[in-house]
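[1] sequence? don't have it. structure:
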Ligand SMILES: Nc1nc2c(c(=O)[nH]1)N[C@H]1C(S)=C(S)[C@@H](COP(=O)(O)OP(=O)(O)OC[C@H]3O[C@@H](n4cnc5c(=O)[nH]c(N)nc54)[C@H](O)[C@@H]3O)O[C@H]1N2
Ligand SMILES: Nc1nc2c(c(=O)[nH]1)N[C@H]1C(S)=C(S)[C@@H](COP(=O)(O)OP(=O)(O)OC[C@H]3O[C@@H](n4cnc5c(=O)[nH]c(N)nc54)[C@H](O)[C@@H]3O)O[C@H]1N2
Ligand code: SF4
Ligand SMILES: [Mo]
């Protein structure tokens with residue numbers, strides 16, 4: 001192996017910010033990981049997780065070969081045996097119980113791994129099952145549903161033009177910790193401060209004074225789950241004060257009258273009672289949205305994973321439309337990516353409610369059922385019961401509501417296979433685990449996140465290290481496994497070419513595939529000349545020409561959303577002073593459930609405790625830093641409570657993704673961490689009835705001293 005020091009440029013794939021990295025290696029060693037200052041988009045920004053990429057690469061707990069469960073232990077097997085055994089068992093279960101007897105759950109890292117995106121679909125195709133699930137319905141399903149319903153394509157999602165906005169209303173998002181979501185925005189802290197520096201402002205609505213709220217011009221606490229009242233009151237105020245001005249989109253807009261009627265009665269005073277935010281502040285938000293030269297309302301997890309997730313995301317679009325903030329600089333704009341530019345006729349628009357889940361009857365979206373029903377589909381006997389499961393890059397035991405029920409469900413399966421890097425809370429139930437290469441061992445392109453970025457950019461990176469001998473990339477696993485399943489089922493199958501070939505084609509047929517005066521035609525070859533990434537300019541107006549609805553119009557008058565406004569109207573509730581509502585939280589050193597096995601990220605101050613307001617501690621006769629039991633309808637956990645003025649009274653906060661002490665987890669450092677799983681408390685029976693998206697915030701809980 002050569003002693004040469006090599007500098008690699010490579011995107012960090014861990015979160016949606018897609019920061020450019022400069023990685024220096026010597027032979028098999030990583031010498032340094034730093035921010036790539038020449039990356040035109042991330043400008044050198046990184047967070048502490050980037051340096052943990054080397055820990056992930058060298059982690060002795062990371063699986064390098066397929067393993068088969070034998071009693072309580074695991075035995076290494078060959079790829080041949082692994083693929084054959086998995087295919088035989090999946091097909092066996094399907095022959096006995098029908099195609100739907102096998103379910104597929106796809107987790108979040110698939111979206112950060114382009115080979116998984118290009119090749120994941122083939123496994124779905126050969127399995128021919130309707131039982132598809134993913135982290136989408138624990139997350140951004142309402143965003144996709146609303147874009148599908150209003151603009152005709154689930155991925156035609158308007159993105160905040162943060163670099164030009166003068167007023168940004170952030171509801172239930174904490175980009176300083178998450179680094180942005182459904183808004184790819186590296187270096188977000190500087191970009192937010194730049195709004196203030198140019199005389200604009202941003203306002204945060206959150207039950208916790210988050211890192212983002214702390215630097216905002218205004219922060220308003222909100223009672224969890226009540227945002228729909230706030231949003232409807234903003235809409236009401238816009239009509240009441242004659243501030244509605246849809247601008248250039250007016251000719252393609254449907255439903256103005258229906259929206260006005262729906263908002264009637266949602267006064268700022270009514271919303272104040274429901275949310276706890278002053279009526280005058282609510283009116284001011286409407287006025288500021290209408291007055292600013294470039295304003296944008298943006299809502300994320302806090303308004304997505306709640307009982308009115310879809311209604312909230314709809315109302316946010318409506319507010320942007322009514323204030324003339326959609327499709328204007330400084331407002332919300334659709335992106336012009338090099339891969340996956342959406343225009344009328346584009347495939348993958350989505351589908352909704354073509355069928356319903358067997359037990360609870362929740363609607364399908366784009367061929368998936370909500371993950372909240374996966375456990376019951378496994379545990380409820382009858383025709384169509386799920387008896388085998390494939391997970392790929394997912395950890396539903398820690399990520400889905402009612403983790404204990406999920407645990408029991410996975411335990412009861414006839415067969416399970418996991419495509420994953422680790423033996424964790426979920427994959428420990430698998431019969432066979434198929435581990436792919438690590439992230440530094442394959443090339444990289446951000447199919448999903450350039451599409452969601454606050455600026456149009458594109459970038460391709462070569463692998464940092466050669467893959468180890470006899471290893472497989474995720475996409476190779478899908479190709480090989482699908483081929484075997486297809487052969488046993490006697491269906492036609494052709495493996496897909498490598499992802500870089502598909503990328504090259506997509507670029508050539510894409511939005512920048514033809515030479516223009518300013519730009520040469522974009523091909524993969526061309527893109528490789530820009531290892532730091534290629535800037536394609538700010539977001540562009542032109543939504544009207546890109547609408548994918550059949551009539552080419554924007555639909556604000558979606559029947560099932562207008563009906564949901566009525567559900568909201570009839571669901572005004574009293575603030576119960578004794579009630580505690582549980583919300584989550586994210587920390588910049590953590591990433592969902594799977595990055596607690598790296599010492600540099602878990603060291604220091606513990607970050608897994610329950611936060612509770614000092615008044616609530618007193619009211620419940622609890623002391624700071626004591627052990628408490630938290631109880632919800634579905635379960636109990638015991639952890640440490642700490643006093644915090646960050647959370648509003650009546651609200652407690654516990655992060656998700658912890659709880660690695662479950663028996664059989666083979667992640668040495670993670671298993672030593674004290675945190676418990678927040679999803680042992682979240683309730684699978686609570687979901688947004690419109691989309692079926694899980695409710696992971698605002699869960700009613702009781703908290704009492706642990707020794708009671
Ligand atoms: N209470 C509560 N629950 C939540 C949330 C919340 O805010 N509160 N957030 C929700 C959200 S937004 C999300 S996205 C979900 C995430 O839920 P999931 O996607 O189910 O879980 P992750 O924690 O992302 O787990 C990722 C898994 O992928 C594996 N992995 C990592 N990289 C790769 C790879 O390249 N290839 C393969 N094959 N495997 C890989 C890891 O080892 C791990 O097992 O959690 C949701 N759950
Ligand atoms: N460091 C780190 N970064 C991440 C992740 C991670 O786990 N760690 N996960 C990644 C993933 S998969 C995602 S989807 C994104 C999520 O990105 P964000 O949505 O920005 O992240 P969250 O911290 O979940 O922010 C949700 C906020 O909503 C608030 N909230 C809770 N309930 C309510 C409510 O009822 N109303 C309102 N208005 N607010 C409420 C919470 O207090 C929280 O501050 O982050 C991504 N980036
Ligand atoms: S913010 Fe951190 S984890 Fe996210 S892409 Fe940038 S370096 Fe990676
Ligand atoms: Mo997510």
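    Noted; the coordinates are in hand. Keep in mind that what you see is a predicted model, and the values were worked out from it rather than measured. Ligands and ions are numbered 1, 2, ... in the order given.

[2] CA only for contacts and neighbour counts going forward, please
    OK.

[3] If you count contacts, what does the strand or helix carrying residue 237 end up packed against?
    Residue 237 belongs to helix 227-240 when assigned by DSSP states H and E. Applying 3 or more Cα pairs under 8 Å, 6 or more residues apart in numbering; DSSP states H and E, we find helix 227-240 packed against helix 256-263, helix 268-275, helix 279-291, helix 309-322.

[4] at 6 Å instead, please
    Packed against helix 227-240 by the contact rule (3 or more Cα pairs under 6 Å, 6 or more residues apart in numbering; DSSP states H and E) you find helix 268-275.

[5] distance of the closest residue to residue 135 other than its chain neighbours from residue 5?
    Nearest non-adjacent residue to residue 135, counting by Cα to Cα, 6 or more residues apart in numbering: residue 107, 5.2 Å away. Relative to residue 5, residue 107 is positioned 35 Å away (Cα to Cα, to the nearest Å).

[6] Between those two, which has more neighbouring residues?
    For the pair residue 107 and residue 5, the greater number of neighbours falls to residue 107 (20 against 13), based on other Cα atoms under 10 Å.

[7] Return the residues of this protein in contact with ligand 2.
    Neighbours of ligand 2 within the chain, by Cα under 6 Å from any ligand atom: 15, 139, 171-175, 177-181, 205-208, 210, 224-225, 227, 300-303, 583, 585-592, 697-698.

[8] For ChimeraX, write the select line for the buried members of the residues you listed.
    Selection of buried members from the residues of the chain next to ligand 2 for ChimeraX, criterion 16 or more other Cα atoms under 10 Å:
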select :15,139,171,172,173,174,175,177,178,179,180,181,205,206,207,208,210,224,225,227,300,301,302,303,583,585,586,587,589,590,591,592,697,698
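
[9] Report the entries of the residues of the chain next to ligand 2 that also contact ligand 3.
    15, 179.

[10] In helices, which of the residues of the chain next to ligand 2 fall?
    Secondary structure from DSSP state H places 175, 177-178, 227, 301-303 of the residues of the chain next to ligand 2 in helices.

[11] which residues sit against the helix or strand hosting residue 581?
    Per DSSP H and E, residue 581 falls inside strand 580-583. Residues from elsewhere that reach strand 580-583 (Cα atoms under 6 Å, 6 or more residues apart in numbering): 650-653, 697-701.

[12] Counting only strands, which of these make the cut?
    Applying DSSP state E to those, the entries found in strands are 651-653, 699-701.

[13] measure residue 483 to residue 412 for me?
    Residue 483 is 28 Å from residue 412, by Cα to Cα.

[14] of those two, who's got more company?
    Shown here are residue 483 and residue 412; by other Cα under 10 Å, residue 483 has more neighbours (22 against 15).

[15] what's the pLDDT at the closest residue to the more buried one other than its chain neighbours?
    Leaving aside its sequence neighbours, residue 483 sits nearest to residue 493 (Cα to Cα, 6+ apart; 6.3 Å). Residue 493 carries a pLDDT value of 96.

[16] Residue 708 now?
    pLDDT recorded at residue 708 is 62.

[17] One more: residue 576?
    Residue 576 carries a pLDDT score of 82 in this model.

[18] burial of it, as a residue count?
    Residue 576, neighbours per other Cα under 10 Å, totals 8.

[19] Give me the three-state assignment for it.
    coil (DSSP: H, G, I helix; E, B strand; the rest coil).

[20] gap between the helix holding residue 237 and the chain center?
    Relative to its chain's centre, helix 227-240 lies at 27 Å (Cα atoms, centre = their mean, to the nearest Å).

[21] Skipping its backbone neighbours, what lies nearest the closest residue to ligand 3 within the stretch 151-300 of the chain in space?
    Of all residues in the stretch 151-300 of the chain, residue 179 sits closest to ligand 3, at 5.3 Å by Cα to the nearest ligand atom. Counting by Cα to Cα, 6+ apart, the nearest residue to residue 179 once its immediate chain neighbours are dropped is residue 17, at 5.8 Å.

[22] what's the burial count for residue 345?
    Close neighbours of residue 345, defined as other Cα under 10 Å, add up to 14.

[23] wait, isn't residue 306 in contact with residue 695?
    Yes. Between residue 306 and residue 695 a contact is recorded at 4.4 Å, counting by Cα atoms under 6 Å.

[24] Now the element after the longest helix along the chain, going C-ward?
    Secondary structure of the chain per DSSP H: the longest helix is helix 79-97. Heading C-terminal from helix 79-97, the first helix or strand you meet, by DSSP H and E, is strand 102-106.

[25] which other helices and strands contact that next one?
    Contacts defined by 3+ Cα pairs under 6 Å, 6+ apart place strand 102-106 against strand 132-134, strand 388-392.

[26] give me every residue that touches the closest residue to ligand 1 within the stretch 551-700 of the chain.
    Closest contact between the stretch 551-700 of the chain and ligand 1, by Cα to the nearest ligand atom, is at residue 593 (3.5 Å). Going by Cα under 6 Å, 6+ apart, residue 593 touches residue 657.

[27] if you set the cut-off to 7 Å instead, what comes out?
    Applying Cα atoms under 7 Å, 6 or more residues apart in numbering to residue 593 gives the contacts 398, 657-658.

[28] Break the chain into its domains for me.
    The record's domain parsing of the chain by automatic domain parsing lists 5-51, 67-139+353-444+474-507, 141-338+543-568, 576-705.

[29] Return the distance of the residue nearest in space to the middle of the chain relative to ligand 3.
    What sits nearest the mean C-alpha location of the chain, by Cα atoms, centre = their mean, is residue 139, with 4.8 Å. Noted for residue 139: a distance of 17 Å to ligand 3, by Cα to the nearest ligand atom, to the nearest Å.

[30] coming back round to it: who touches both of residue 306 and residue 695?
    Taking Cα under 7 Å, 6+ apart as the criterion, residue 306 and residue 695 both touch 687-688.

[31] can you give me the mean pLDDT across the helix holding residue 237?
    Averaging pLDDT along helix 227-240 gives 98.

[32] So which elements touch the helix or strand following that helix?
    Remark: after helix 227-240, the chain's next helix or strand is strand 253-254, criterion DSSP H and E. Here strand 253-254 touches strand 554-555, going by 3 or more Cα pairs under 7 Å, 6 or more residues apart in numbering; DSSP states H and E.

[33] Show me the contact partners of the strand it packs on.
    149-151, 252-255.

[34] what does stretch 278-295 give?
    For stretch 278-295, contacts defined as Cα under 7 Å, 6+ apart pick out 165-168, 234, 237-238, 243, 268-269, 272, 323, 325, 329-331.

[35] Any stretches of the chain with poor pLDDT?
    Low-confidence segments of the chain, defined by pLDDT under 70: 1, 708.

[36] What parts of it come near ligand 3?
    12-19, 46-47, 49-50, 179.

[37] try 8 Å
    11-21, 35, 45-51, 178-179, 186-187, 588, 591 (Cα under 8 Å from any ligand atom).
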